[in-house]
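Undergrad: quick one: sequence plus predicted model below, questions after.
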Amino acid sequence: MVSETTCSPPTAQLDDLKRNAAVELKESHFAAAIQLYLKAYEDYQDVGSLSNASLAAFRSGDPRKAVEYADLAFRRFKAQDSPPELQAKALYRKGSALLAGGQPEFAVPTLQRALKTSGGSTSISAGLLQALSKVSQEWLVKHWTTLITDAEKPAALSSRDGRLLRRPPMPAKLEQGQLMEALQQAFTKSLQQHARDLLVEAQGQRPGRGPLSLLRGYAYLAAGNAEQAVKDAQAAQAYGPSAEGASSWPEAWALLARSLEQLEDYTAAGLAAAQAQELRKGSLEYQEDVQRITCRMPRLHADALEEGGVAALKHKLAAEAEEAKPEFLKQRPKYYYYYRWMTERITEHCTQLPAPVMDKLLTMDAGELDLLLQHESAIKAKAQHLEDVLQDKGAKYLETYKVPMLTWEEVKALKGPGLVGLGPPGGEPVGLSTGPAGPNMLEGIPEQEFELLEGHSPHKLKQKLEEVSGMSNANSPEGQTFEDLEALE
């Protein structure tokens with residue numbers, strides 16, 4: 001048994017001892033190397049030599065001594081607050097010795113601590129994975145069950161929530177023994193290997209929400225609670241690996257697919273299974289999931305998945321969801337309803353119009369197009385004009401072609417001679433018409449008064465017109481006489 005001693009600081013003699021021990025170790029003289037390393041430790045308090053003695057004992061085939069020396073070296077390094085890499089090296093040698101001694105269950109926690117202390121050493125990760133490959137399935141199930149149970153314990157600030165995992169409803173919650181039995185049943189060969197990999201990826205830390213949710217989800221799925229399995233699968237996707245805003249964890253997609261399959265939501269299950277297969281191409285297990293679920297999907301959805309994969313099925317499902325919305329919630333382009341309405345009205349008069357001509361008509365001034373549509377001959381003439389331009393100049397030219405606006409005379413011809421509006425320069429005054437379509441607004445006004453009105457402002461003109469037509473109120477300013485109007489100036 002090596003004792004914890006104290007002595008003088010390192011000297012040249014210490015360097016000689018370490019140099020000679022290294023030579024003996026290189027030449028596989030393990031007993032001599034161990035003796036020299038132990039002397040360096042006992043005489044000069046060199047803890048590194050004690051760690052090297054563990055290495056020599058390990059190579060000599062004495063894992064028990066290797067564990068003893070490594071454990072003492074770690075405790076001494078820790079007491080001296082030595083650098084983390086030295087502490088991690090001692091733990092790694094202890095874990096390797098435990099593994100070599102046929103104790104992988106004890107080697108795993110030691111190597112996990114070494115990995116955590118080292119900050120993610122590649123060699124220690126490989127050693128931990130090797131140790132995990134040696135542990136039994138029972139140990140692995142028990143270890144993950146303990147981790148899940150601890151994560152479900154009431155949180156400090158809210159007893160309703162777990163420390164890391166949301167607690168399932170009490171009637172459906174599995175107790176620790178039931179959870180262990182369900183996880184044992186769920187552990188296929190591939191899931192066992194993934195559970196080992198997750199412990200390595202944790203870098204010696206406690207696994208996070210993603211891995212814990214995944215393993216619990218598989219347990220609840222094996223227990224027949226597909227609803228809880230779906231929740232855990234979604235939590236695993238939320239907290240697991242992701243790329244471009246979506247989960248990139250094939251195991252989580254596979255869990256979701258199998259859970260939804262039990263709930264008979266075959267389209268969603270098929271989509272999830274296809275996602276898992278795309279993320280892990282070549283997996284026969286995921287390929288079998290896709291084939292099994294696709295047979296139960298609606299034919300249209302299965303065809304979309306088989307022809308275009310995940311993207312095609314997503315596109316079809318999005319189109320179906322959009323079509324199922326109420327009309328006021330559907331995503332429509334700008335002026336969609338106006339264009340649809342006008343297209344129907346144009347088609348009533350002009351059937352089989354070329355698409356460029358129809359597009360050009362729809363982009364006309366709304367008021368003018370409405371006027372043309374009230375007169376079949378007018379809309380047909382306009383459409384024929386645009387067809388002639390299309391035939392002569394082509395569709396590209398028609399896109400930027402400025403459609404001539406109706407002239408005042410054309411508008412009057414369409415609306416009738418009683419039209420009231422702005423005429424051309426030198427024509428009728430604003431708002432005045434004498435056609436048969438309406439009453440003569442000037443009727444009843446003496447000629448001399450009309451001459452005076454020509455010099456008044458439009459506001460006063462309006463007042464006089466309303467007075468003559470009987471529209472004014474006797475008690476209002478509009479009820480004044482013509483002499484009163486002259487006084488206003």
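TA: Structure's in. What do you need?
Undergrad: for Ala257, what are its contacts?
TA: Contacts for Ala257 (C-beta atoms under 8 Å, 6 or more residues apart in numbering) come out as 269-270, 272-273, 275-276, 289, 293. Using the backbone N, CA and C atoms, a C-beta is placed for each residue, glycine as well.
Undergrad: Asp365 too?
TA: By C-beta under 8 Å, 6+ apart, the contact list for Asp365 reads Met405.
Undergrad: could I get the pLDDT score of Leu263?
TA: If you check Leu263, the pLDDT there is 96.
Undergrad: burial count for it?
TA: 13 (other C-beta atoms under 10 Å).
Undergrad: check Lys134 too.
TA: Neighbours of Lys134 (other C-beta under 10 Å): 14.
Undergrad: who touches the nearest residue to it once chain neighbours are set aside in this structure?
TA: Counting by C-beta to C-beta, 6 or more residues apart in numbering, Lys134 lies nearest to Pro104, which is 3.8 Å off, once chain neighbours are set aside. Counting by C-beta under 8 Å, 6+ apart, Pro104 makes contact with 98, 131-132, 134-135.
Undergrad: on the pLDDT front, check Pro104 for me.
TA: Confidence score, pLDDT, at Pro104: 94.
Undergrad: identify the farthest-apart pair in the contacts of Pro104.
TA: Leu98 and Leu132 (13.0 Å; C-beta to C-beta).
Undergrad: mind checking pLDDT for Lys415?
TA: Note on Lys415: pLDDT of 83.
Undergrad: separation between it and Pro326?
TA: For Lys415, the distance to Pro326 equals 40 Å [C-beta to C-beta, to the nearest Å].
Undergrad: compare these two (neighbour count), which wins?
TA: Neighbour totals were compared for Lys415 and Pro326, and Lys415 leads with 15 against 6 (other C-beta under 10 Å).
Undergrad: so the closest residue to the more buried one other than its chain neighbours is in which element?
TA: Leaving aside its sequence neighbours, Lys415 sits nearest to Leu371 (C-beta to C-beta, 6+ apart; 7.6 Å). Element membership of Leu371 [criterion: DSSP states H and E] is helix 366-373.
Undergrad: name the helices or strands packed onto that helix?
TA: Packed against helix 366-373 by the contact rule (3 or more C-beta pairs under 8 Å, 6 or more residues apart in numbering; DSSP states H and E) you find helix 336-349, helix 376-393, helix 408-415.
Undergrad: now the strands for the protein?
TA: Here the chain has its strands, by DSSP state E, at 242-243, 246-247.
Undergrad: which residues does Gly240 contact?
TA: 210-211, 214, 247, 249, 252.
Undergrad: just give me the least confident of those.
TA: Ser247 (90).
Undergrad: can you pull the contacts of it?
TA: Applying C-beta under 8 Å, 6+ apart, the residues near Ser247 are 236-238, 240-241, 253.
Undergrad: JSON lines for these, including pLDDT?
TA: JSON lines is the format used below for the contacts of Ser247 (pLDDT from 0 to 100):
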{"residue": "Ala236", "pLDDT": "96"}
{"residue": "Gln237", "pLDDT": "95"}
{"residue": "Ala238", "pLDDT": "94"}
{"residue": "Gly240", "pLDDT": "92"}
{"residue": "Pro241", "pLDDT": "91"}
{"residue": "Trp253", "pLDDT": "97"}
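Undergrad: ChimeraX command for the buried members of those?
TA: Selecting only the buried entries of the contacts of Ser247 in ChimeraX, with 16 or more other C-beta atoms under 10 Å as the criterion:
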select :236,237,240,253
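Undergrad: got CSV for the contacts of Ser247, with distance to Lys173 too?
TA: Output for these, formatted as CSV (distance: C-beta to C-beta, whole Å):
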residue, distance to Lys173
Ala236, 18
Gln237, 22
Ala238, 21
Gly240, 23
Pro241, 28
Trp253, 25
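Undergrad: of all pairs in the contacts of Ser247, which one is the farthest apart?
TA: Ala238 and Trp253 (12.8 Å).
Undergrad: now do Pro425, the pLDDT please.
TA: 53.
Undergrad: actually, Ala12.
TA: The predicted local confidence for Ala12 is 84.
Undergrad: what's the domain layout of this structure?
TA: What automatic domain parsing lists as the domains of the chain is 12-134, 243-331, 336-406, 442-488.
Undergrad: residue closest to the middle of the protein?
TA: In the chain, the residue lying closest to the centroid (C-alpha atoms, centre = their mean) is Gly245, at 3.8 Å.
Undergrad: returning to that earlier point: which one of the contacts of Ser247 is nearest Cys350?
TA: Cys350 has its nearest neighbour among the contacts of Ser247 in Trp253, at 53.6 Å by C-beta to C-beta.
Undergrad: so what's the closest one up against?
TA: So Trp253 contacts 233, 237, 247, 272-273, 275-276, 279 (C-beta under 8 Å, 6+ apart).
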